[in-house]
Structures are given as structure tokens and as C-alpha cells.
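Asker: Model the structure of this input:
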Amino acid sequence: MPLPDDPRPDPSPELLGARVRLREPRDEDAAAWRALGRHPEIARMFGVDRAAAEIPLQAADALAWLARLRSHRHAWIIEHEGRLLGEIRLHSFEPKNKAARIAIALFDPARLGMGLGTEAIRLVLVYGFGTIGLHRIDLRVLAFNERAIRAYRKCGFVIEGRLREAALVDGERHDDLIMGLLASEFRAS
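Answerer: Residues are numbered from 1 along each chain as shown. As a prediction, the model looks like this:
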């Protein structure tokens, strides 16, 4: 299985969980994402300033988002009950070290806190450690994003470091946490 972030020659495999389906991006996802819109509190968890988050999504924004997702070999749309919920991807591959970074975004505030993100993360971890054969997967998360940190901990990630005042959000400096998980730890859990 190729590891680089270059454009995918083949679709990513569909990953099925009990409540979520991870599938390749489709044209209609741009309109579905735009319909969900930007929610200021969700956007803030990704480091987006409140003023920027309140700007309505334009068709061009949605098409650019879809193109970015499609440019990643290991990127999926997260679908719940047949509707777009978010996105998840493995990126920043280090083939020699068998390492990658995971990123997830859920867009629908009505579906937060239901464990759907945790389920999507676990599906990608099984794929990353099993199918691809990664040794390590890590992530960056804003230290104030407690909901995401809880989900990552449920999946076995541990805090490995803190990048002090690495993010500027709404004029205030915030720390980024580095969290990591090794294949052996994932298998043991």
C-alpha cells in the first residue's frame, strides 16, 4: 500500500462501522458541506477566528474543500445515517518511520457528543495500523478542545508534548497538544 500524500490513483477503501461509514468524496459532498455551514464553536476548535467562521460558505469554498480531500490518498467522508457528518484523513506520511498524522473534522453540531467521531477514528486506526502497516499515528489538537481530546484518549492516544502558544485564535495565544499512538498500544487495547 503506497504511503505518500500524492494524489490517489485508486479510491480509498470504504470503511464500515456500526454507525458511521467512511467513503471516498463525491461531487454532491460539496453541496452537503455548504448546507451544514460553518458553526463558530466548531470552527473555533480548529483554530478559526470567530469573524472568519461567521462568513457564509460559498460554492467555491466547498469545491476547494472537496478538491483538497480528493487530493489525499487516504481521506474519507464520514457519513452517518446516509448524511455527511465530516471528514477524516491520514496525512504527513513518513514512509521510513512508518508514521502518519490523523485529522478529523465533524461539521454537524447536532451530532457531536454521540461517539461518532470516536468510531470514525477507530476505523482509520484499524486501517492505518493493519492494512497500511503503520507503526505510529499522531495528531495535533488545540489544548482547549476538550471534546476532541476525550475522543482521542478513548482511542488510546496519549499526550506526548505541548507546543506552547502555537496557535493564535481570536487574538489570544493557545497551546497545541501533540498526541500519539503506537501500533503495539492499539493492538493491546
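
Asker: Provide the backbone phi and psi angles at the residue of the chain positioned farthest from its centre.
Answerer: Here the centre of the chain is the reference, and by Cα atoms, centre = their mean the most remote residue is Gly171, at 24.7 Å. With angles defined as degrees, to the nearest 10, Gly171 sits at phi 80, psi 0.

Asker: Read off the pLDDT value for it.
Answerer: Model confidence at Gly171, given as pLDDT, is 95.

Asker: With the one 10 residues further on instead?
Answerer: Here the pLDDT value assigned to Leu181 is 98.

Asker: Show me the beta-bridge partners of Arg173.
Answerer: Listed beta-bridge partners, Arg173: Leu168 (assigned using DSSP bridges).

Asker: give me the number of residues near it?
Answerer: By other Cβ atoms under 10 Å, 10 other residues sit near Arg173. The way it works is simple: take the backbone N, C-alpha and C, and place the C-beta from them, glycine included.

Asker: now this protein, which segments are flagged as low pLDDT?
Answerer: For the chain, applying pLDDT under 70 flags the ranges 1-11.

Asker: returning to what we had before: which residue sits closest to the residue farthest from the centre of the chain in space, ignoring its chain neighbours?
Answerer: Taking Cβ to Cβ, 6 or more residues apart in numbering, and ignoring the residues beside it in sequence, Gly171 has Asp49 as its nearest neighbour in space, at 7.9 Å.

Asker: For Met179, see how far away that neighbour is.
Answerer: 24 Å (Cβ to Cβ, to the nearest Å).

Asker: Also Ala67?
Answerer: 28 Å.

Asker: Dump the C-alpha coordinates for the helix or strand hosting Arg187 into PDB.
Answerer: Per DSSP states H and E, Arg187 falls inside helix 183-188. Output of helix 183-188 as PDB, limited to C-alpha atoms (Å, rounded to 0.1, in the frame of the first residue of the first chain):
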ATOM      1  CA  ALA A 183       0.600   0.100  16.800                       C
ATOM      2  CA  SER A 184       1.600  -2.100  19.800                       C
ATOM      3  CA  GLU A 185      -0.500   0.100  22.100                       C
ATOM      4  CA  PHE A 186      -3.500   0.000  19.800                       C
ATOM      5  CA  ARG A 187      -3.300  -3.800  19.500                       C
ATOM      6  CA  ALA A 188      -3.000  -4.200  23.300                       C
END
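
Asker: With that, I have no additional questions.
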